[in-house]
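In: 3D, please:
(one chain, ligands or ions: 1)
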Amino acid sequence: MEKEEEAGPVLPKIDISRIPPERLPPRGTVFDDLPADASTPPSIPQEEAPVAVSATVADAKKPSLEDRLAAVADPEKAAPAKGRKRATRERKSKIVSDDDDDDTPKKKKAPAKKKSTPRKKAELVPAALPDDLPADINFSVGDSVLVNTGIIVHDRLKYHTVNHMFPVGYKYRCKFTCVKHPKEKHMYTSEIFECGDLPLFRVTCECDPSQSWTTTSASSSWSQVLKTLNALIANPRQTCSIQGTRYFGLTEPDVRKKLEALPGANKLANYVRDADREAPDES
Ligand SMILES: [Zn+2]
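Out: Residues are numbered from 1 along each chain as shown. Down below sits the predicted model:
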């Protein structure tokens, strides 16, 4: 099961999730300059970029969907049981520690986890929303709604990446397959909370607010939704990856404009404003 590392030829590991989207080749690009035995897939859709788990090993035995989902949600879970049961107040709510944000510009691979390891998962409880949270704006973005922009946190590095800002109190609603009515798409709320050095990302099914998923990355939280859905649906979606920032609305240009206009946005150490990004090469 965990032989993945030893199974196939060892190819250099490239963590695609660390590459800014604009640096990735356009979809469908064929790398015909690779050696014939390089079995790297010819193209990698950006949606899957955050979870390029198995893209590096050629003929490794495919882990089960469940395993892959678990690995996405919490890389530690892939390791034998480590007593990760959480006592939470909300009945079905899940709290998963995952330091691995999909867009964090970290150079190193997974072994990281040093700073945050001592942190007890039970401590991943959202702090109360700030008193000076701006009023809800309920700004429509297609079928989705930016409810609240939240407040930019510029004194702690985890509250933004090169590509995204994670303002505290941020709230966005969008439709997705409902965990209560799996044949329909209903509204989910995605929220960002403060928890010391780490932002927390909570996704709640509006049809069943007892179902919520709280982790330390947008993609982990949404992966938990997918995992729950896959357990419900007869023919689960074959994909186990989800671009959490997208379902948080953080990739929406109109949302990004609003966030970039917030006080403190220009103090973020690593964030690159959209206007300063290289335009994707069309050729
Ligand atoms: Zn529903």
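In: where in the stretch 151-283 of the chain is pLDDT low?
Out: The stretch 151-283 of the chain contains residues with pLDDT under 70 at 236-240, 280-283.
In: Alongside the ion, which residues does it contribute?
Out: 178, 180-181, 186, 207 (CB under 5 Å from the ion). (Each C-beta comes from the backbone N, C-alpha and C, glycine too.)
In: Save those residues as CSV, and put in neighbour count and secondary structure too.
Out: Below are these laid out as CSV (neighbours: other CB atoms under 10 Å; DSSP: H, G, I helix; E, B strand; the rest coil):
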residue, neighbour count, secondary structure
Cys178, 20, coil
Lys180, 13, coil
His181, 12, coil
His186, 15, strand
Cys207, 14, coil
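In: which among the residues you listed gets closest to Ser241?
Out: Closest approach between these and Ser241, by CB to CB: Cys178, at 20.2 Å.
In: follow-up on the earlier one: of all the residues of the stretch 151-283 of the chain next to the ion, which two lie farthest apart?
Out: The two members of these with the most space between them (CB to CB) are Lys180 and His186, at 7.5 Å.
In: Between those two, which contacts overlap?
Out: Taking CB atoms under 8 Å, 6 or more residues apart in numbering as the criterion, Lys180 and His186 both touch 205, 207.
In: gap between Thr235 and Pro182?
Out: I think there's a mix-up here, since residue 235 is Asn and not Thr. As for Asn235, its distance to Pro182 is 11 Å (criterion: CB to CB, to the nearest Å).
In: What of Thr214?
Out: Per CB to CB, Thr214 is found 22 Å from Pro182.
In: what about those two, which has more around it?
Out: Using other CB atoms under 10 Å as the criterion, Thr214 and Pro182 rank with Thr214 on top: 26 against 13.
In: Give the phi and psi angles for the more buried one, as a check.
Out: phi -120, psi 120 (degrees, to the nearest 10).
In: my read: it touches Pro199, true?
Out: No. In this structure, Thr214 is not within contact of Pro199 by CB atoms under 8 Å, at 10.8 Å.
In: which SS state does Lys257 fall under?
Out: The local conformation at Lys257, judged by DSSP: H, G, I helix; E, B strand; the rest coil, is helix.
In: how about the strands in this protein?
Out: Along the chain, the stretches classed as strands by DSSP state E are 94-96, 139-141, 144-148, 171-177, 185-195, 198-205, 212-215.
In: want to throw the residues of the stretch 151-283 of the chain next to the ion into a markdown table with distance to Leu268?
Out: Shown next, in a markdown table, are those (distance: CB to CB, whole Å):
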| residue | distance to Leu268 |
| --- | --- |
| Cys178 | 35 |
| Lys180 | 37 |
| His181 | 39 |
| His186 | 34 |
| Cys207 | 35 |
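In: Out of those, the closest to Leu146 would be?
Out: Closest to Leu146, out of all of those and judged by CB to CB, is His186, at 18.2 Å.
In: Excluding covalently adjacent residues, which one is nearest to the closest one?
Out: The spatially closest residue to His186, leaving aside those adjacent along the chain, is Cys178, at 3.9 Å (CB to CB, 6 or more residues apart in numbering).
In: Quick check: closest non-adjacent residue to Thr214.
Out: Distances taken as CB to CB, 6+ apart put Arg202 closest to Thr214, at 4.4 Å, once the chain neighbours are dropped.
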